[in-house]
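> predicted structure and sequence below. I'll ask about it afterward.
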Amino acid sequence: MYSHRIPIGPFCFSISTNIRTVSQQVSQLYAFHLNQNSSDHTDFDVQVRTPCSHRRWFRPQVEFFMDEVNPFKPLPKDQAYPMLEWGMNWCIANHAHQYFIVHAGVIEKKGKVIMMPATQGSGKSTLTAAMMLSGWRLFSDELALLSLESDDVVPLARPINIKNDAISILQQHFSHAEFGNIAHDTLKGTVALMKPSQESVVRMHQTAPLHCIVFPRYVAKSEARLTPLDSVSAFQRLIDNSFNYSVLGEEGFHKVADILQKLPCYEFEYSRFEDAEATLNQLVDEK
Amino acid sequence: MNLLTSTLKKPALIESFDTRDWQTLISQSRMANLIGRLAYCLLESEYHHSIPAFAKWQLQSAQKVAMRQVQQARYELSSLAPLLNQRSQRWMLLKGAAYIARDLDVAKGRSFSDIDILVDKASIKRVEFSLLGAGWQRTQIDDYDDRYYRQWMHEIPPLKHSENRTVLDIHHNILPLTNRDCPEPEQFETQEVDVENVGTLLTLTAEDLIIHSACHLFTESEFHNGLRDLSDLDMLFRHFSNKAPDFMQRVLTRASVLGLRRYLDLALYFCKDLFDTPVQTQIAPPNTITGFAFKHIFTPDHRSARTWKRHLAVFILYWRGHMLRMPLRLLIPHLLRKSLTRLQQEKTA
């Protein structure tokens, strides 16, 4: 068994696996985290391992565990690393109800956080990765953790899950993009994880207030364009993209209402990274 | 004794916990489906200042989940009640749903997934069809299992709500029809409760509620929630005894009348043994094997508390549960058939 203890934002994960390539990728992608001090407790004790059965040799599979809870069906062994990352998302999204959790890419510049909630396939992770590679601080590509006690968003700074064509597009565009191994034919297509920037990881304990909400949508060949979104539509979209709105009940309702009363929301169409960045820069430059 | 049971019994223990103890406690409570109850027990205790931050957020989250489940159940009851009132002659809530309707402390933080109801047997077909028209669906089981349920069991196959995934267990008796102690459901006594936004609902009287929960637990063959269900009984005994000092005597007499005394005795014996439930009456201990098996099954199913004794207990109680459920002439063909199906499934998987 290979074991790692990794401080990730407000949590401490203990990761163990009997698969060498998984351990290698953890060491590679979490290299900056491993330099940070970790606490003496573990919040999530997770494992990805091949089961002890004939399936070890015949069409090998992997299983994910949080402690002894096994929430998913086994996957083929070559998807072990993506499974670990999905499993870690599951841990946070299903247990950390001290936050309002939204399925969103989250980036920060000048102490202002932009949250980009979106469904699968809208290019949210790709856009988040491109912004990080252009110098924005990465909070998360999947989980926005919004404090229920303040306006702050809490960073996670984990590797970014990039899918299909976006992998080569980002590689071509940003020569400093660093990926782990590429997993083909997963549930979500071809998947690779991008290492978070050092700055994002070193500053992962620094929270910052939410500045605005942007619902991104990749539209081929479009000009980058922000359209203000009324708060009623934004309300619906925000809760559709939330993982724990129903668990939080009244607390969740007040949080969403509070956000929408204070902050602007936009729909955001984009195709080129440069234009997208210029547009998002304007949002944080405004007084 | 395992950390979870000791802590539930004596929350003061947490004052001397180290990081590792806390981690073990959280893990054990999660595996035993008792994290919600533990959360209420510790967060509302005078020792809540000793809970470290990393354990506190886990407990508070579990508390939020539990609160939502109770709210969900109340909502479910408000939509079920009119339909059941219309379609059945008599129906009542059992177990968790009854605890919620009666607003008992035992409902606070209790993990909750199924709504159990008892419907008079004559109405059951009508009720089932109406529910199918109201968004409930049959769970996917094969024809054999379906027939098994309907012919021998005290309930029909569970229904699942198509939207919110709540599971509804509809019983027409409290024990399988093939159990030799199976009573007439009409013998049970009911009590009305008023539930806000729902109306007047029927539950069993305090005595019968406890007797039913005890029968349910001590005729099981699988014990994923065993420790939780025993803890339920402990809390119920304490609650009703506090309200009426002669409650213990009444429930014992009542169980004898129903012919279900042996299940109540087991409940009292193990509650006293593991949770120090105040039981003044002397209860005869169960035979050696049953005693051993239950003592070790009422532990968290987590590596920190799992020994060979627990594995053996699982095995013994699996067989005990099946033997109680039906006579051997039915049981052997049934289990043979189940293992064959399982083999076939493994082959195709």
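Received it, and whenever you're ready, just let me know what you need. Residues are numbered from 1 along each chain as shown, chains lettered A, B, ... in the order given.

> what sits against the residue of chain A found nearest chain B?
Nearest residue of chain A to chain B (Cβ to the nearest Cβ) works out as A:His97 at 3.9 Å. Just so you know, the C-beta spots here come from the backbone N, C-alpha and C atoms, and that holds for glycine as well. By Cβ atoms under 8 Å, 6 or more residues apart in numbering or on different chains, the residues touching A:His97 are A:244, A:247-248, B:60-61, B:64-65.

> buried ones from those residues, can you make that a ChimeraX selection?
A single ChimeraX command selects the buried members of these (16 or more other Cβ atoms under 10 Å in any protein chain shown):
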select /A:244,247,248 /B:61,64,65
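
> A:Leu193 against A:Gly180, yeah?
Yes. If you go by Cβ atoms under 8 Å, A:Leu193 and A:Gly180 touch, sitting 4.6 Å apart.

> neighbour count: the two, which is higher?
A:Leu193 (25 against 21; other Cβ atoms under 10 Å in any protein chain shown).

> which non-adjacent residue is nearest that one?
A:Pro159 (4.0 Å; Cβ to Cβ, 6 or more residues apart in numbering or on different chains).

> now swap in B:Ala66 and tell me
Nearest to B:Ala66 is B:Gly36, by Cβ to Cβ, 6+ apart, at 3.4 Å.

> ok, now B:Asp169?
Ranked by Cβ to Cβ, 6+ apart and with sequence neighbours excluded, the top spatial neighbour of B:Asp169 is B:Asp116, at 4.6 Å.

> can I assume that neighbour sits in a helix?
No. Judged by DSSP: H, G, I helix; E, B strand; the rest coil, B:Asp116 forms no part of a helix; its state is strand.

> if it is in a bridge, with which residues?
B:Leu94, B:Asp169 (DSSP bridges).

> the residue nearest to B:Ala66: how many residues sit nearby?
Neighbourhood size, B:Gly36 [other Cβ under 10 Å]: 26.

> what of B:Asn164?
Applying other Cβ under 10 Å, we find 11 residues neighbouring B:Asn164.

> tell me who's in contact with it.
Counted by Cβ under 8 Å, 6+ apart, B:Asn164 has contacts B:72, B:76.

> now swap in A:Ser23 and tell me
Applying Cβ under 8 Å, 6+ apart, the residues contacting A:Ser23 are A:2, A:4, A:17.

> then B:Phe188?
Neighbours of B:Phe188 in contact, by Cβ under 8 Å, 6+ apart: B:118, B:174, B:204, B:208, B:212, B:258.

> the second one: what secondary structure?
Per three-state DSSP, the secondary structure class of B:Ile174 is coil.

> for it, grab the count of nearby residues.
B:Ile174 has 27 neighbours, counted by other Cβ under 10 Å.

> hmm, back to that, per-residue pLDDT, the residue nearest to B:Ala66?
Note on B:Gly36: pLDDT of 96.

> how near is it to chain A?
12 Å (Cβ to the nearest Cβ, to the nearest Å).

> tell me how many other residues crowd residue 124.
All of this is about chain A. 25.

> was after chain B, sorry
Neighbours around B:Ile124, by other Cβ under 10 Å: 19.

> kindly report the same for A:Val26.
26.
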